[in-house]
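Chemist: here is my input, please return the structure:
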Amino acid sequence: MISYRVYVCDITYDIAHDIKYELQDCVCLIAPYPNNPNPPETFDLASDFDMSGSNLLWYGRLQLLFRCTLCHTDAARDVERHLEVSLAFFNTFEPVELTPNSVMQRQGVPMLYDSASCAALPSLYLCHAKNVLGRVPMIPSFVAGNAHPTIPHSLRGRRLGGGMADTQPNRGNGSRLYEVNLWMWRYGRGQERKLSVRKCMEARVKRLREARGRAAETRKRRRLAAEGAGREGGAGAASP
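Modeler: Presented below is the predicted three-dimensional model:
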């Protein structure tokens, strides 16, 4: 067995800012080794693209993209034998059958729960960056009249795999539920990002600050106008 060690590690996508604002991309990806012993180049979109997410195609949320330089334990000084790889850390969205007879599920819409939202420490997977096929539009799923997009307390007796139901009715502390928006995925038009996530969030904060300032000015103007009208009314009542 050949042993490797990490010689250099370089983070190419710092997702910490995205984690703070819960903006990590949801993606579909080819199942990594050992769940899939085949290289990603052999993945066939026509035959292997199973949208249920339970076979070779997985759904996940990217946590970190980074680049590593690997080498044999006895080749640290031999640069020609170094191997550079781009890798991705991600957690998974696991398939779950809660409402198989609902309209959405009858239309083939996968229902998934976020494994990172469970009470237990979530499992992170590691794969080559080339395993990531692209982004997937996810929408929160509200089941059985639940006020939160989580597995309802009333379904706690079902087979949930590694999922967890709310500990009390409408508590909202169970595994978060999602459905894949097939229509947006099929007919939506992807656009290249023009600005970084950080700049977009800074612009959003600036817009909110300006909106709050305008709202404060409006309230102040209306208050002064009301006070002026009250003084004029009082003066008119006092005049003979």
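Chemist: what residues go with each domain of the chain?
Modeler: 4-191, 194-240 (automatic domain parsing).
Chemist: deepest of these, which one?
Modeler: Ranked by mean neighbour count, the domains of the chain are led by domain 4-191 with a mean of 16 (mean count of other CB atoms under 10 Å). (C-beta placed from N, C-alpha, C; glycine too.)
Chemist: where does the protein dip in pLDDT?
Modeler: The chain contains residues with pLDDT under 70 at 1-24, 119-122, 188-193, 232-240.
Chemist: A strand includes residue 206, no?
Modeler: No - looking at residue 206 with DSSP: H, G, I helix; E, B strand; the rest coil, it is helix, so not inside a strand.
Chemist: and it, how far from residue 199?
Modeler: Distance of residue 206 to residue 199, given as CB to CB, to the nearest Å: 10 Å.
Chemist: what sits in contact with each of those two?
Modeler: Residues touching both residue 206 and residue 199 (CB atoms under 8 Å, 6 or more residues apart in numbering): none.
Chemist: list the helices and strands the longest strand along the chain packs on?
Modeler: Counting by DSSP state E, the longest strand found in the chain is strand 57-72. The elements that strand 57-72 packs onto, with contact taken as 3 or more CB pairs under 8 Å, 6 or more residues apart in numbering; DSSP states H and E, are strand 4-13, strand 26-30, strand 83-95.
Chemist: so what's the gap between the longest one and the chain middle?
Modeler: For strand 83-95, the distance from its own C-alpha centre to the chain's C-alpha centre is 14 Å (CA atoms, centre = their mean, to the nearest Å).
Chemist: and the next helix or strand after that strand, what does it pack against?
Modeler: Next helix or strand after strand 83-95 toward the C-terminus (DSSP states H and E): helix 103-106. Using 3+ CB pairs under 8 Å, 6+ apart, no helix or strand is in contact with helix 103-106.
Chemist: which residues sit against helix 103-106?
Modeler: Residues from elsewhere that reach helix 103-106 (CB under 8 Å, 6+ apart): 97, 99, 111, 179.
Chemist: for stretch 140-150, same thing?
Modeler: 98-99, 111, 117, 151-152, 154-155, 165-166, 170-179.
Chemist: span of that stretch from start to end?
Modeler: Using CA to CA, to the nearest Å, the end-to-end distance of stretch 140-150 comes to 9 Å.
Chemist: what do you get for stretch 69-78?
Modeler: Using CA to CA, the end-to-end distance of stretch 69-78 comes to 12 Å.
Chemist: what's the spacing between residue 209 and residue 198?
Modeler: Residue 209 is 16 Å from residue 198, by CB to CB.
Chemist: again but with residue 100, I slipped
Modeler: Using CB to CB, residue 100 is found at 42 Å from residue 198.
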